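>>> Return a 3D structure for these sequence lines:
(one chain, ligands or ions: 1)
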Amino acid sequence: MKYISTGDFNPEAVEIPLGSFINGELIQGAGDELDIFRPSDGKLAGTVRQANAADVERAVSGAKQALEVSNWARLAPRARGEIMRNWARLLDENAEYLSRLEALSSSRPIKECRDRDIPASADMIRYYGEWTDKMTGDTFASANAIFNTTIREPYGIVGAISPWNVPILLATVKFAPALAAGNAVVLKPSEMTPFSAIAFARLAVEAGLPAGLFNVLVGTGEVTGHPLVIHRDISFVAFTGSTKTGQRIMTDCALSGPKPVSLELGGKSPQIVFDDVSDLDRVANAITAGMTRNSGQLCFCGSRLVVQNGVADRLLEMVLSKLHTIRSGPTWSETTGMPPIISDLQRRRILGILSQSDAAVRNTLTGGNSYDLHGGKYFEPTIVMDVPTSDALFSEEVFGPVLAVQRFDDFDEGLRLADHPDYGLTASVHTSSIDRAMAAARRIEAGTVWINNFGRTADVSSPFGGFKRSGFGKEFGREGYEKYLKTKAIWFQGVETVQ
Ligand code: NAD
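This next block holds a predicted model:
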């Protein structure tokens, strides 16, 4: 659904739900106070008391009871789907408020929230509502008196942990399929960007989702996330965030279960450009978007350009001129192309990686600095040339608007450079040759390969997820639904002969 723009907004005028959403109520946690800031101007958005281990216990036991009382897992599948569709409709009706709430405490410009994040989240809830009655089991060859089949059952209570960079979309891609499949969910969004998830949860109850089935706990990884992950009644953990935190969560799932976990982790995604491209302007747009969208704070940010020598200089010239046309600004302005960096800590992290990079010291084509604007922290779009594979800018995920460039002569060299030893989330290949495109798509070790494009469309049906240290366990599409179901084999024993 397309939402209509109502222009810039005043962040002071947006109602913010402060607290955690437990058993259908907005309440303050029992933990310490947590200040949540607006990255666009550094001002306080609000203060909440964090949900601690006691609140995790309350949310998980409430979810367990809600599952039993509501019979959610055993409802007629289409009845669950109907509630999901009602929920999506309410999200559509409240789209402007939800878009503003999301933009307020995150780095997502209002236009992106209104045109992508909120409609795609509503659509995802609708989409997974449609999956409720589409999942089938199998029947197996067996001896005559035996009938052997499988059915799919929900896990029970799913613990979902999501990051700050595209807050609501990356949370919805967990709670929507998990709930549609018949589970309850306890979500811990990033402590920097929790508000939109709470607003979504409130509307879920209004749409008919039994209270207690979807809880949102606000707090840090240590105070809230850790007790959630290790809770013995959490049967599945779905995580999106950094590779380092993912390693810790997988260890915690092993020691407290073992329990299954899905990990959507970091990336260092290349865009590979061959010199046969027919429309260099289109490629320049893809490279520019790849490094500047959300100011590079995207897991699939196109942070590496691997470009064939014949076209490298011209392409970089075009990218440079496009970078000058992108406006930085607060998330509440309609004209913002490059939003603020989420926090001062993240800004310093970007600067730290650049300072460790020999290539950045010697070979920065443009940018390299951060600056303040109306109280927010911003980063110049930065291009560093001829980054060797031994350099920090090649090995580290920067999570900022920084492009590392490598040049090559022939196909094999290009693909060798594109391959990353650690990450394998996405890659783009730009070429006019269908043979090169096919060969590259098959050879690149990444969970998604875009040909002559960069980035996902609003379509939610194609699976997404990384290879290597970018994680495992897909989100979106059919696979993103199936993972919230476990398979049970049932053997019916009859008599050998019936009279
Ligand atoms: P992060 O790992 O710091 O935090 C992610 C979430 O985990 C937050 O909610 C945080 O509070 C929580 N957390 C931290 N420690 C925890 C613990 N011990 N137990 C439980 N929860 C804990 O990541 P971030 O800075 O919020 O997000 C940026 C990272 O996310 C980047 O590395 C980015 O590439 C990655 N990311 C990946 C994808 C993907 O689909 N692959 C999508 C978006 C972001």
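
>>> To what extent is residue 425 buried, counted in neighbours?
Neighbour count for residue 425, taken as other Cβ atoms under 10 Å: 27. (Glycine included, C-beta is placed from N, CA and C.)

>>> Now do the same contact list for it.
Applying Cβ atoms under 8 Å, 6 or more residues apart in numbering to residue 425 gives the contacts 265-269, 299-300, 446-448, 466-467, 470-471.

>>> Those into TSV, with extra columns for pLDDT and neighbour count?
Below are these laid out as TSV (pLDDT from 0 to 100; neighbours: other Cβ atoms under 10 Å):
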residue	pLDDT	neighbour count
265	97	25
266	96	23
267	97	31
268	98	23
269	98	28
299	97	25
300	97	23
446	98	24
447	98	21
448	98	22
466	97	27
467	98	15
470	98	28
471	98	28
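
>>> Pull out whichever of these are also neighbours of the ligand.
With Cβ under 6 Å from any ligand atom as the criterion, the contacts of residue 425 include 265-267, 299, 466, 470-471 near the ligand.

>>> Can you tell me the closest non-neighbouring residue to residue 187?
residue 160 (4.4 Å; Cβ to Cβ, 6 or more residues apart in numbering).

>>> mind checking which helix or strand the one you found is in?
In the assignment (DSSP states H and E), residue 160 maps to strand 157-161.

>>> Name the next helix or strand downstream of that strand, please.
helix 167-180.

>>> by how many degrees do the helix or strand that that next one is followed by and helix 167-180 diverge?
As assigned by DSSP H and E, the chain's next helix or strand after helix 167-180 is strand 184-188. Going by axes from the mean of the first three to the mean of the last three Cα atoms, to 10 degrees, strand 184-188 is angled at 160 degrees with respect to helix 167-180.

>>> who does strand 184-188 touch, helix- and strand-wise?
In terms of contacts (3 or more Cβ pairs under 8 Å, 6 or more residues apart in numbering; DSSP states H and E), strand 184-188 is packed against helix 53-70, strand 157-161, helix 167-180, strand 214-216.

>>> can you put these in TSV and add mean pLDDT and distance to the ligand?
Shown next, in TSV, are the helices and strands packed on strand 184-188 (pLDDT from 0 to 100; distance: least, Cβ to the nearest ligand atom, whole Å):
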stretch	mean pLDDT	distance to the ligand
helix 53-70	98	11
strand 157-161	98	5
helix 167-180	98	5
strand 214-216	98	12
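
>>> State the distance from the residue nearest to residue 25 when sequence neighbours are not counted to residue 26.
Spatial nearest neighbour of residue 25, chain neighbours left out: residue 211 (7.8 Å); criterion: Cβ to Cβ, 6+ apart. Look at residue 211 and residue 26: by Cβ to Cβ, to the nearest Å, they are 12 Å apart.

>>> returning to what we had before: just the ones of the contacts of residue 425 in strands?
When these are checked against strands (DSSP state E), the matches are 448, 467, 471.

>>> Residue 426 is in contact with the second one, correct?
No - here residue 467 lies out of contact with residue 426, judged by Cβ atoms under 8 Å, at a distance of 10.0 Å.

>>> what's the overlap in contacts for the two?
446-447.

>>> which ones are touching the residue most central in space within the chain?
Centroid check for the chain by Cα atoms, centre = their mean gives residue 170 as the closest residue, at 3.4 Å. The neighbours of residue 170, taking Cβ under 8 Å, 6+ apart as the test, are 162-163, 240, 264.

>>> restrict those residues to those near the ligand?
162-163, 240, 264.

>>> In TSV, list those along with pLDDT and neighbour count.
Shown next, in TSV, are these (pLDDT from 0 to 100; neighbours: other Cβ under 10 Å):
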residue	pLDDT	neighbour count
162	98	27
163	98	21
240	98	25
264	98	27
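
>>> re earlier: JSON lines for the ones in strands among the contacts of residue 425, including distance to residue 32?
Converted to JSON lines, the ones in strands among the contacts of residue 425 look like this (distance: Cβ to Cβ, whole Å):
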{"residue": "448", "distance to residue 32": "39"}
{"residue": "467", "distance to residue 32": "39"}
{"residue": "471", "distance to residue 32": "31"}
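
>>> Get me the contact residues on the chain for the ligand.
161-165, 170, 188, 190-191, 220-221, 225-226, 229, 240-242, 245, 248-249, 264-267, 299, 397, 399, 425, 466, 470-471.

>>> hang on, the earlier thing: with distance to residue 153 added, can I get the ones next to the ligand among the contacts of residue 170 in CSV?
Output for those, formatted as CSV (distance: Cβ to Cβ, whole Å):
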residue, distance to residue 153
162, 25
163, 29
240, 25
264, 24
